[in-house]
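Visitor: Provide a 3D model corresponding to the input given below.
(chains A and B)
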Amino acid sequence: MMRHIISVLMENEPGALSRVVGLFSQRGYNIETLNVAPTEDPTLSRLTLTTIGDDHKIEQITKHLNRLIDVVKLVDLSEGSHIERELMLVKVRATGAQRAEIKRCTDIFRGQIVDVGPSVYTIQVTGAADKLDSFLEAVGEAAIMEVVRSGVSGIARGEKILSL
Amino acid sequence: MELLSGGEMIARAMEDEGVEFIFGYPGGAVLHIYDALFKSCKVPHILVRHEQAATHAADGYARATGKPGVVLVTSGPGATNAITGIATAYMDSIPMVVLSGQVMSHLIGEDAFQETDMLGISRPIVKHSFQVSRTEDIPEIIKKAFYIASSGRPGPVVIDLPKDLTNPHDKFEYNYPKKVKLRSYTPAARGHSGQIKKAASLLLGAKRPVIYAGGGVVQGNASEQLRVLARELNFPVTHTLMGLGAYPASDRQFLGMLGMHGFYEANNAMHHSDVILAVGARFDDRVTNTCGKFCPGAKIVHIDIDPAAISKTIAADVPIVGPVDSVLVDLLAVIREMREADSSLPDASSLKHWWSQIDEWRDAHGLWVKPRYDLSTPFIKPQQVIETLCKVTHGKAYVSSDVGQHQMFAAQYYKFDEPRRWLNSGGLGTMGFGLPAAMGAKLAFPDADVACVTGEGSIQMNIQELSTCAQYNIPVKIISLYNGYLGMVKQWQDMQYEGRYSESVYENSLPDFVKLTEAYGHVGIKVTQLSDLEEAMKEAFARKNDLVFMDIHVDPHEHVYPMHIAPNGSMRDMWLSKTERT
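Guide: Purely as a prediction, here's the structure:
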């Protein structure tokens, strides 16, 4: 069982997203994260999802995604070298000595404090999913008030592209 | 430049697309369209009595002709009633275009009268769907729908039409596109030549080969190519429930149907084979029995137009994605080349041992060698009814069926020599399919014999269509096997639930089917004696212009055999009768 990042180029049409999401529930596949937005060509959307499964299941998922009429092309990024990024916004309780500690921790993870209140910091961290997990662990559950993650997006390294 | 309203565009597009029949039912959201049909459309509309029947009739038409069936229903309940028929077509890959009305655009999402989210409800059971948002788009969307429904692996396509977009006062330019291109949809045109070469050498080296051919051969119009290849290779052929007729049943190389109620020789040939050539079949659970025990010594070549059908349940050793007709032609060409280049390759006679083994199986338990059913009871046997039907219609009728024991008996005992003659809901298993499907076939082929094999359970799921048949004079023959039970349910209850007939008995609640048929203006014939059966059936088919309902009372305790032993059985593990098993 491996985690896969499947990146899908699809028609930017109403209903297209529901077909992809519906496929997963209909056939009993898992979606761990999901992220979708239009590309530089407004008629196309790029959808990236992460899922966990053995090779057989991933093959079935990619075949069934390809079968959707709205899906133009897709790639399993985990098959080659790639860059993976996720954006996270975390609101943490930050008072007294903790304020400096959290600031330090944010610097170590190359995050940014994007909003400051008398007892609250909102921190932005980007990176691969495991880096974001580590940041949350470092800050500690007690301080965390709210977490928002964008879901993974990714792109292949080098010349390889996913386009029309 | 011609200006048409949305409703008129739909009517015109049906003509331009060459549609022969529209099966439908009017209602508020589609009244503009129905008015346009009334005023100008040359395509006849068949008013069914329930929207489910509209979809099944369009489906029966599509199965018999190979052309997409067309359905027109209103929003809300009209659309939801169509769902069962759309799902039936989806499971069996049948081309269909469903036009469903929708409430006016500005009311969508407001829980308006007769509003339902048709795109949402139908999403998992359609090949694709469209919601029209601008009247100008209607011609192109209809063209795309027909193209998608009938190309690649066929399937149903839904077009949802908000009422305001069909308003007669808003007119736009109408141009029906000759062709459409979808950048995100390009079905494979040819099989991969490297894979075809691999397949050819595997086939030529086979000592115990079998061709396992499914509905894809019928839908892909590849019967002729299959016949030529099978004969040249002298390979035995077995069909799935959906494939029947693609290879002629009366040919010696045909082993009968395989699977849960498949023939002994077919299931054994599969189990003991060393090479399986799967063509347009999908290794359905009703075929394979326990996947882990499936054909342990077999290498599998799998040809299918749909990559997702390959290696879904059973891994293929040589997958070939492509249209079955062209792949079979290419495969045969490569086989001929290889044989010419190397005369030491085994020829057709090398399969002598395999054939004598198959003939042994056939003689031992084959259903067509001699009657395997118990003749000691005083009742008409359901198998005898199908044998008589086959005899009276010379094996040439279009036969639709409902779902249950009668369906399996029809599949086992009607010898289909041609594709598109056997119309049944194999994937979804929809009771109520038979009568409307027969209507669709009869409308397409008015001079052909069309029979609906059914039971007193299934027929009541769409019996209201007797009225449609009266209105449009659709003289199908209904062969109803009356046993007083939901036969297949009872069989399972006999075999697995110690005969506890939980809700599978009709007791004395059934109507007099002869009188019921007569009430609709048709002819009913009741048969209770075997000695009357053949004459009665001849009379029924002699009445060319009458719908005849044959209410045939059969042995209420008959079971369908062979039957796979499950769970944990392999292809060759079967019950052969109530007492005998492999």
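Visitor: buried residues, stretch A:28-47. List them.
Guide: A:29, A:31, A:33-36, A:44-47 (16 or more other CB atoms under 10 Å in any protein chain shown). C-beta here means a position set from N, CA and C on the backbone, and glycine is covered the same way.
Visitor: need the residues that contact stretch B:61-68.
Guide: B:18, B:20-21, B:23, B:69, B:89, B:92, B:94-97, B:146, B:149-150, B:154, B:218-219, B:221, B:398, B:420-421, B:423, B:437, B:440-441, B:443-445 (CB atoms under 8 Å, 6 or more residues apart in numbering or on different chains).
Visitor: doesn't B:His564 make contact with B:Arg581?
Guide: No: using CB atoms under 8 Å, B:Arg581 is not in contact with B:His564, being 10.5 Å away.
Visitor: please enumerate the shared neighbours of these two.
Guide: Contacts common to B:Arg581 and B:His564, judged by CB under 8 Å, 6+ apart, are B:573-575.
Visitor: restricted to helices, list the buried residues of stretch A:28-47.
Guide: Among the buried residues of stretch A:28-47, no member falls in helices (DSSP state H).
Visitor: does B:Leu375 belong to a helix, a strand or coil?
Guide: coil (DSSP: H, G, I helix; E, B strand; the rest coil).
Visitor: same question, the one 3 residues further on
Guide: Three-state secondary structure (criterion: three-state DSSP) places B:Pro378 in coil.
Visitor: just how off-centre is whichever helix in chain B runs longest within its chain?
Guide: Looking across chain B with DSSP H, the single longest helix is helix B:324-341. Averaging C-alpha positions (CA atoms, centre = their mean, to the nearest Å) puts helix B:324-341 29 Å from its chain's average.
Visitor: and the contacts of it?
Guide: Taking CB under 8 Å, 6+ apart as the rule, helix B:324-341 contacts B:189-191, B:193, B:196-197, B:199-201, B:203-204, B:216-217, B:220-222, B:225-226, B:228-229, B:232-233, B:279-280, B:303-305, B:320, B:345, B:347.
Visitor: show me the two of the buried residues of stretch A:28-47 that sit farthest apart.
Guide: Comparing every pair within the buried residues of stretch A:28-47 by CB to CB identifies A:Tyr29 and A:Leu44 as the most remote, at 23.4 Å.
Visitor: tell me what the stretch of helix or strand A:Leu9 belongs to is packed against?
Guide: Taking DSSP states H and E as the criterion, A:Leu9 maps to strand A:2-11. Other helices and strands packing on strand A:2-11, by 3 or more CB pairs under 8 Å, 6 or more residues apart in numbering or on different chains; DSSP states H and E, are helix A:16-26, strand A:44-53, helix A:55-67, strand A:71-76, strand A:153-156.
Visitor: tell me how chain A divides into domains.
Guide: Annotated domains of chain A cover A:2-80, A:83-153 [automatic domain parsing].
Visitor: buried deepest among those, which one?
Guide: domain A:2-80 (a mean of 17; mean count of other CB atoms under 10 Å in any protein chain shown).
Visitor: ok so, going back, can you lay out the helices and strands packed on strand A:2-11 as a markdown table showing distance to B:Asn289 and mean pLDDT?
Guide: Below are the helices and strands packed on strand A:2-11 laid out as a markdown table (distance: least, CB to CB, whole Å; pLDDT from 0 to 100):
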| stretch | distance to B:Asn289 | mean pLDDT |
| --- | --- | --- |
| helix A:16-26 | 25 | 94 |
| strand A:44-53 | 26 | 96 |
| helix A:55-67 | 20 | 94 |
| strand A:71-76 | 33 | 96 |
| strand A:153-156 | 42 | 96 |
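Visitor: closest to A:Ile113 out of the ones you listed?
Guide: Closest among the helices and strands packed on strand A:2-11, using CB to CB: strand A:153-156, at 23.2 Å.
Visitor: for the closest one, packing partners?
Guide: Using 3+ CB pairs under 8 Å, 6+ apart, strand A:153-156 sits against strand A:2-11, strand A:44-53, strand A:82-93.
Visitor: so can I have a markdown table of those showing distance to B:Pro139?
Guide: Shown next, in a markdown table, are these (distance: least, CB to CB, whole Å):
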| stretch | distance to B:Pro139 |
| --- | --- |
| strand A:2-11 | 19 |
| strand A:44-53 | 24 |
| strand A:82-93 | 43 |
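Visitor: of all those, which one is nearest B:Val369?
Guide: Using CB to CB, the helices and strands packed on strand A:153-156 put strand A:44-53 closest to B:Val369, at 47.6 Å.
Visitor: which other residues reach that closest one?
Guide: A:1-12, A:16-17, A:20, A:24, A:29-39, A:58, A:61, A:72, A:77, A:129, A:151-154, A:162, A:164.
Visitor: the helices and strands packed on strand A:2-11 into TSV, with extra columns for distance to A:Met88?
Guide: Shown next, in TSV, are those (distance: least, CB to CB, whole Å):
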stretch	distance to A:Met88
helix A:16-26	22
strand A:44-53	15
helix A:55-67	26
strand A:71-76	24
strand A:153-156	13
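Visitor: wait, which of these is closest to B:Arg123?
Guide: Counting by CB to CB, and looking across all of the helices and strands packed on strand A:2-11, nearest comes helix A:16-26 at 5.2 Å.
Visitor: low-confidence stretches in the chain?
Guide: Because you didn't say which chain, this covers chain A. Applying pLDDT under 70 to chain A flags no residue at all.
Visitor: alongside chain B, which residues does it contribute?
Guide: When proximity is defined as CB under 8 Å from any CB of the partner chain, chain A approaches chain B at A:10-11, A:14-15, A:18-19, A:22, A:26, A:56, A:59-60, A:63-64, A:66-67, A:69-72, A:164.
Visitor: which parts of stretch B:154-169 are buried?
Guide: Buried, per 16+ other CB under 10 Å, within stretch B:154-169: B:154-166.
Visitor: start to end distance for it?
Guide: End-to-end distance for stretch B:154-169, by CA to CA, to the nearest Å: 36 Å.
Visitor: try stretch B:120-137
Guide: 21 Å.
Visitor: by mean pLDDT, which helix or strand of chain B comes out lowest?
Guide: helix B:285-288 (a mean of 94; mean pLDDT, DSSP states H and E).
Visitor: next, the angle from the helix or strand following that one to helix B:324-341.
Guide: For helix B:285-288, the following helix or strand on the C-terminal side (DSSP H and E) is strand B:299-304. Between strand B:299-304 and helix B:324-341, the angle comes out at 140 degrees (axes from the mean of the first three to the mean of the last three CA atoms, to 10 degrees).
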